[in-house]
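Enquirer: No sequence on hand, only this structure:
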């Protein structure tokens, strides 16, 4: 039997082209859905890790606030025998000046 070569505008070729086009579109859509699903999973894992980090940092901040409060109470004294600083907080002290040696070419 002789094979027929389909012409570009033949009535048989058009449905075949439509079928191929539909399949290509379906495969592309399926691939996009898989990509989105993978991205969602990745973002959920990342979000979970960030939530744990936020919780950890909040605990650390709470601990540091407690330490600061305890230190401030210790500085001010808890008894009535010591006077409180006029501004209501711990006395303000200035740190000693930084002494950084200058390079020899600037001395």
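Expert: Noted; the coordinates are in hand. Since the structure is predicted, the reported quantities are computational estimates derived from the model, not experimental observations.
Enquirer: secondary structure element for residue 23?
Expert: With elements taken from DSSP states H and E, the one containing residue 23 is helix 13-76.
Enquirer: What ranges in this protein fall below the confidence cut-off?
Expert: Scanning the chain with the threshold set as pLDDT under 70 gives 1-13, 78-107.
Enquirer: rerun at 80
Expert: Counting by pLDDT under 80, the chain shows low-confidence ranges at 1-18, 76-107.
Enquirer: Around residue 63, how many other residues sit close by?
Expert: 10 (other C-beta atoms under 10 Å). Using the backbone N, CA and C atoms, a C-beta is placed for each residue, glycine as well.
Enquirer: do the one 5 residues further on as well
Expert: Residue neighbour count, defined by other C-beta under 10 Å, stands at 11 for residue 68.
Enquirer: check contacts around it.
Expert: Residues counted as contacts of residue 68 (C-beta atoms under 8 Å, 6 or more residues apart in numbering): none.
Enquirer: Distance check, it against residue 37.
Expert: From residue 68 across to residue 37, the span is 47 Å (C-beta to C-beta, to the nearest Å).
Enquirer: And residue 27, by the same measure?
Expert: In this view, residue 27 and residue 37 are 16 Å apart by C-beta to C-beta.
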